[in-house]
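# predicted structure and sequence below. I'll ask about it afterward.
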Amino acid sequence: MNYYREFAKGVWEKNPILILGIGMCPTLAVSTSVLNALWMTLAATFVLIFSNIIVSLVKSLVPSHIRIPIFIAIIATFVIIVELTLKAFQPDIYKSLGIFIPLIAVNCIILGRAEEFASKNAVLPSILDGLGMGLGFGLTLTVLAFFREILGSNRLFGYTLIPGMEPATIMTLAPGAFFTLAIMLWGMNAIKSRKRR
Amino acid sequence: MKASILRSTFILGLTAFVATFALSHIKAITYPVIQKQERRKQENALALVLPGYTTGEERSAVVNGRSFTYWTAEKTDGTLTLKAYAFITEKTGYGGVIRTMTGVDDRGTVLGISIIRQSETPGLGARALETASRSTFFQVITGRARETAGEPSPWFQEQFAGLNAAAKIGIVKKGDWTEAMRDELLRENSISAITGATFTTKAVKDGIEEGMAALRMALDEHAKAQEAPAP
């Protein structure tokens, strides 16, 4: 097994958002500022890696017909750990991410990786898979947030870019997320089809 | 078949048990910290909405069939003793209840507000809490940022200071606020909305207006109760 491939596939070849098309809900919702995107990435990647580890460890003990509720229970446990930790030690971040922290439990990237990868592979490749997928998710989210924050709020990392300029608020709303995501998908597909030729 | 059901039940139960056991420990670690954060939030909120005042007693009253909590505060300015009040109001915004604490002096001028709890849309209504730095990105990366004392306070909440809570408060759709806009907005007793859609802004504004009316009634009742002590 090629460990590097297991790690790198999440970033490009099997990027959860741009190629697999999963995990769209938090992507569209929290990519309004780069800081939100980075914290969301951290939270989701933590859950992803640890749920992958546990799922991979217990995979032979779990009867296949009840695997989904067990995976969800494992994922939800780590989500609550993240939620409580953020609430206690990063209350401002917790406040600005709001409902999307508990919603990580139903993020299909995490259940998807548990079902698709961790339940069929050993611990080390599962960790790398989680790390790679988290990185792919995070990179997409950050690039998306980068454009949306600049165009939609005239800010970057919370700092004003051009004083006095009226930003295009639509970019922080749902349509702005769709526009940016569509352009990113277009760019990605353009590069891929050029490579194939 | 029977054995399989028993086995599945056992495994599911075991999973739930382990998860609960782990979470109870996490909860035990984080609970006191979260409690402390909440308490600090309330103290900070009181200090923020009543700048320079010393908080007195916490009073509860029933106004229009609803419970209403408010705090009294005092400040000595030379020989004068200035009175002020803080109250908490809840209004429904776009994503749920918005809990706001407002500080007013006895003439009804807003001293400050603080949004304690909200569940508005991140990036939209939740920007009511945004603490945007007044320095620009280029000033920060080139190291020319002005060193301002303390943390930047949320611009949306900052603009309420000086408004007359007893009169109608207007809303101007600007989506931003700068110190330069303060005088112009104060002249019109108005605030700048967070976004083009004004659900959140309106909820906060209505909360303050209603809270002010409730405070008046609660204070009247309190005064009456003081004059005529129960026989």
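Received it, and whenever you're ready, just let me know what you need. Numbers count the residues shown, from 1 in each chain, chains lettered A, B, ... in the order given.

# single out the residue in chain A that lies closest to chain B.
Using C-beta to the nearest C-beta, the closest approach of chain A to chain B is made by A:Thr32 at 2.9 Å. Glycine gets a C-beta too; all of them are placed from N, C-alpha and C.

# in which helix or strand would I find that residue?
Remark: A:Thr32 resides in no helix or strand, with elements defined by DSSP states H and E.

# phi, psi for it please.
Dihedral angles of A:Thr32 (phi, psi; degrees, to the nearest 10) stand at phi -90, psi -20.

# isn't it up against A:Ala174?
No: the criterion here is C-beta atoms under 8 Å, and A:Thr32 misses it with A:Ala174 at 10.3 Å.

# so for the two, which sits in the more crowded spot?
Taking other C-beta atoms under 10 Å in any protein chain shown, A:Thr32 and A:Ala174 do not tie; A:Thr32 has more neighbours (27 against 13).

# how is chain B partitioned into domains?
B:1-43, B:50-227 (automatic domain parsing).

# helices of chain A, residue ranges please.
A:3-8, A:24-30, A:34-58, A:67-89, A:91-97, A:108-113, A:123-153, A:174-196 (DSSP state H).

# what does chain B give?
B:2-49, B:137-141, B:155-158, B:182-187, B:199-227.

# of the ones you listed, which approaches A:Thr160 most closely?
Of all those, it is helix B:137-141 that lies closest to A:Thr160, at 6.8 Å by C-beta to C-beta.

# pretty sure B:Thr81 contacts B:Glu74?
Yes: here B:Thr81 reaches B:Glu74: they are 5.8 Å apart, a contact under C-beta under 8 Å.

# looking at those two, which is more packed in?
Ranked by neighbour count (other C-beta under 10 Å), B:Thr81 and B:Glu74 place B:Glu74 first, with 13 against 9.

# how about the contacts made by the more buried one?
Applying C-beta atoms under 8 Å, 6 or more residues apart in numbering or on different chains, one finds that B:Glu74 lies in contact with B:Tyr53, B:Thr54, B:Gly56, B:Thr81, B:Leu82, B:Lys83, B:Ala84.

# buried subset of those?
B:Tyr53, B:Ala84 (16 or more other C-beta atoms under 10 Å in any protein chain shown).

# quick check: the farthest pair among the contacts of B:Glu74?
Most distant of these, by C-beta to C-beta, are B:Gly56 and B:Leu82, 12.2 Å apart.

# tell me where chain A is predicted with low confidence.
When residues are selected by pLDDT under 70, those of chain A lie in A:1, A:164.

# try it again with 90
Where chain A drops to pLDDT under 90, the residues are A:1-37, A:58-68, A:87-123, A:125, A:140, A:145, A:147-181, A:184-185, A:187-197.

# same question, chain B
In chain B, residues with pLDDT under 90: B:1-8, B:11, B:34-231.

# excluding chain neighbours, what is closest to the residue nearest the centre of chain A?
In chain A, the centroid-proximal residue (C-alpha atoms, centre = their mean) is A:Phe137; its distance is 3.8 Å. Excluding the flanking residues, the one nearest A:Phe137 by C-beta to C-beta, 6 or more residues apart in numbering or on different chains is A:Pro16, at 5.2 Å.

# B:Met217 is in contact with B:Arg66, isn't it?
No: contact criterion C-beta under 8 Å: B:Met217 and B:Arg66 do not qualify, at 11.0 Å.

# those two: which has the busier surroundings?
Neighbours per residue (other C-beta under 10 Å) separate B:Met217 from B:Arg66, with B:Met217 holding more: 14 against 10.

# for the more buried one, give me its contacts.
B:Ala61, B:Val63, B:Asn64 are the contacts of B:Met217 under C-beta under 8 Å, 6+ apart.

# ranking these by neighbours, who comes first?
Neighbour max across these (other C-beta under 10 Å) = B:Ala61, 19 neighbours.

# beta-bridge partners for that one, please?
Taking DSSP bridges as the rule, B:Ala61 bridges to B:Phe68.

# now do the contacts for it.
B:Ala61 neighbours (C-beta under 8 Å, 6+ apart): B:Ser67, B:Phe68, B:Tyr70, B:Met217, B:Ala218, B:Glu221, B:His222.
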